[in-house]
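Participant: Give the three-dimensional model of this entry:
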Amino acid sequence: MSANRAPKQRKRPPGDSHLLDTVDRLKAVADPIRIRFLLELGHGPRTVKEVAEALDVPPTRLYYHLRILEQNGLVEVANKRMVSGIEERTYRVAADSWTISPDVAGSALYETGALRALFDVVRAEIEVALQSSPDTSVDDPESPLKAMAISEFAVSRDELPKLIAEFGEFLDRYADQPADHSDQDRYHFFYALYPIPSSESPEG
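Facilitator: Numbers count the residues shown, from 1 in each chain. Take a look at the predicted model:
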């Protein structure tokens, strides 16, 4: 990974966070490499070469994925400059977060492969973290996996919007922290809230 870290991208209006509003955009993120590409750009503007170094992927392989992300408005050019007579482009994510639009059918998440790709990335990142300290128990304070659980709780439909809003405020409090504090570690936090399948639920 390049030692020269680009500055964190500018903040955008909240409305710009709702990017995954079409089936085509869901298909665009239905690949683990493209999700990792977006996550890397979330740290700040990068060139394709810098992203390739971070992901340990050949730059030539990334250009195909970059075109798909660009075509669907998920990344944009942040800067252009000439280097030895060749134009070098720096890219950034087009929004600070990607929220699934309420207009998109839930079935599109699994039919496009977007849900599977997201889980593949989360699984792979957790495995890499665990491999860094394979002999450390999960409950050890030095374990790279700081928390992992699946919980069950009861809440009324009227209370649910408040619960989600409060949880969102909690996440925002830490997500807004600057990324360049030397005394801070960076984490990915994945969560999903869904009803417990019943015996009448269709099989996946």
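
Participant: Where is the longest helix in the chain?
Facilitator: When the chain is parsed with DSSP state H, its longest helix is helix 114-131.

Participant: buried sites along it?
Facilitator: Neighbour-count burial for helix 114-131, counted by 16 or more other C-beta atoms under 10 Å, picks out A114, L115, A117, L118, V121. To be clear about C-beta, it is placed using only N, CA and C from the backbone, and glycine gets the same treatment.

Participant: what about the helices in this structure?
Facilitator: Going by DSSP H, the chain shows helices at 23-28, 32-41, 48-55, 59-71, 107-111, 114-131, 160-175.

Participant: Any chance of the ones you listed in a markdown table with mean pLDDT and distance to A94 as columns?
Facilitator: Output for the helices of the chain, formatted as a markdown table (pLDDT from 0 to 100; distance: least, C-beta to C-beta, whole Å):
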| stretch | mean pLDDT | distance to A94 |
| --- | --- | --- |
| helix 23-28 | 90 | 11 |
| helix 32-41 | 91 | 9 |
| helix 48-55 | 94 | 15 |
| helix 59-71 | 94 | 9 |
| helix 107-111 | 90 | 20 |
| helix 114-131 | 90 | 17 |
| helix 160-175 | 87 | 17 |
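
Participant: want to try a markdown table for those helices, with distance to P195 as columns?
Facilitator: Shown next, in a markdown table, are those (distance: least, C-beta to C-beta, whole Å):
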| stretch | distance to P195 |
| --- | --- |
| helix 23-28 | 21 |
| helix 32-41 | 25 |
| helix 48-55 | 35 |
| helix 59-71 | 32 |
| helix 107-111 | 15 |
| helix 114-131 | 16 |
| helix 160-175 | 11 |
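
Participant: For W98, find the nearest of these.
Facilitator: helix 32-41 (7.4 Å; C-beta to C-beta).

Participant: Contacts made by the closest one with the rest, please.
Facilitator: The contact list for helix 32-41 (C-beta atoms under 8 Å, 6 or more residues apart in numbering) reads 9, 28-29, 46, 51, 54-55, 57, 61-62, 65-66, 68-69, 74-75, 91-93, 98, 117-118, 120-121, 124, 188.

Participant: just the angle between that helix and helix 59-71, please?
Facilitator: 80 degrees (axes from the mean of the first three to the mean of the last three C-alpha atoms, to 10 degrees).

Participant: pLDDT wise, what is the most far-flung residue of the chain relative to its centre at?
Facilitator: Most distant from the centre of the chain: G85, at 34.1 Å, with distances by C-alpha atoms, centre = their mean. Looking at G85, its pLDDT stands at 87.
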